[in-house]
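> Generate coordinates for the sequence data below:
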Amino acid sequence: MNMTTTFALAAVVLLGGAGLVAWKTFNANVWHQPAPAMASFHDLTAETLEGDAYAFSDLKGKRVMIVNTASRCGYTPQYGPLEELHDKYKDQGLVILGFPCNQFGKQEPGSSSDIREFCTRNYGVSFQMMSKVDVKGDNQHPVYAWLTQKSLNGAGDHKVRWNFHKFLINEQGELVAALGSGADPLGEEIVAFAEGK
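Residues are numbered from 1 along each chain as shown. Okay, here's the model as predicted:
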């Protein structure tokens, strides 16, 4: 085997491995059996995109999807199916909370007004958008601390690896799923959750 062939094979193996890691990152879905949380989901608070306080106590009895969003991401078109999911199931107890985040590829650089204008103009977003937050690191928002730490949520430890990672919380405030960026908002499992099945 000559040197060129060896390098070519090494490159194929390396790229194949990188592709597998990327696929697992964006398609890693974990479902949990509902379990009581160590800290109450319904005690959390956050700020809306408009700067108003939002009490999670208002979410008691609702099924909730939390998703970190970005305006310049390959997954940004998911705003469309997220809005469709919201429109179809908002009267059946589903609440979607979008948390803009600029931590992945700096793909959400805009101000709150920029984000609102983008979401409204391009996707007609009417589900609840929150103020921009950090979903990991030293300045991690308390909502994301709860979502990612088993010591708080009682279900499991999770890492948000990219934009449009989805978390599902049932009516009792229990974390039931952490879904990778590639999870289709209108996929069978998410629709079943939205329908309360």
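> quick one: least confident helix or strand in this structure?
Least confident helix or strand, the chain: helix 3-27 with a mean of 47, by mean pLDDT, DSSP states H and E.
> list the buried ones in stretch 158-165?
Buried residues in stretch 158-165, counting neighbours by 16 or more other C-beta atoms under 10 Å, are found at His158, Val160, Arg161, Trp162, Asn163, Phe164, His165. C-beta here means a position set from N, CA and C on the backbone, and glycine is covered the same way.
> okay but the fourth one is in contact with Tyr75, surely?
Yep, that's Trp162 we're talking about. Yes - using C-beta atoms under 8 Å, Trp162 makes contact with Tyr75 at a distance of 7.5 Å.
> Overlap of the contact sets of those two?
Residues touching both Trp162 and Tyr75 (C-beta atoms under 8 Å, 6 or more residues apart in numbering): Ser181.
> All the strands of the protein, in order from the start?
30-31, 45-47, 53-55, 63-69, 94-100, 128-129, 166-169, 175-179 (DSSP state E).
> and of those strands, who's closest to Gly154?
Within these, the stretch nearest Gly154 is strand 175-179; the backing value is 7.4 Å (C-beta to C-beta).
> can you give me the angle that closest one makes with strand 63-69?
30 degrees (axes from the mean of the first three to the mean of the last three C-alpha atoms, to 10 degrees).
> List the contacts of strand 175-179.
Against strand 175-179 from outside (C-beta under 8 Å, 6+ apart): 29-32, 34, 37, 41, 147, 153-156, 158, 165-170, 189-190, 193.
> Restricted to helices, list those residues.
Leu147, Asn153, Glu189, Ile190, Phe193 (DSSP state H).
> Quick check: the second one vs Glu188, distance?
What it means is Asn153. For Asn153, the distance to Glu188 (C-beta to C-beta, to the nearest Å) stands at 24 Å.
> Neighbour count for these two, which is higher?
Asn153 (26 against 8; other C-beta atoms under 10 Å).
> Excluding chain neighbours, give the residue nearest to that one in space.
Leu175 (4.4 Å; C-beta to C-beta, 6 or more residues apart in numbering).
> and Asn139, how many neighbours?
Quick note: Asn139 (other C-beta under 10 Å) scores 9 neighbours.
> Show the model's pLDDT score for it.
With respect to pLDDT, Asn139 scores 97.
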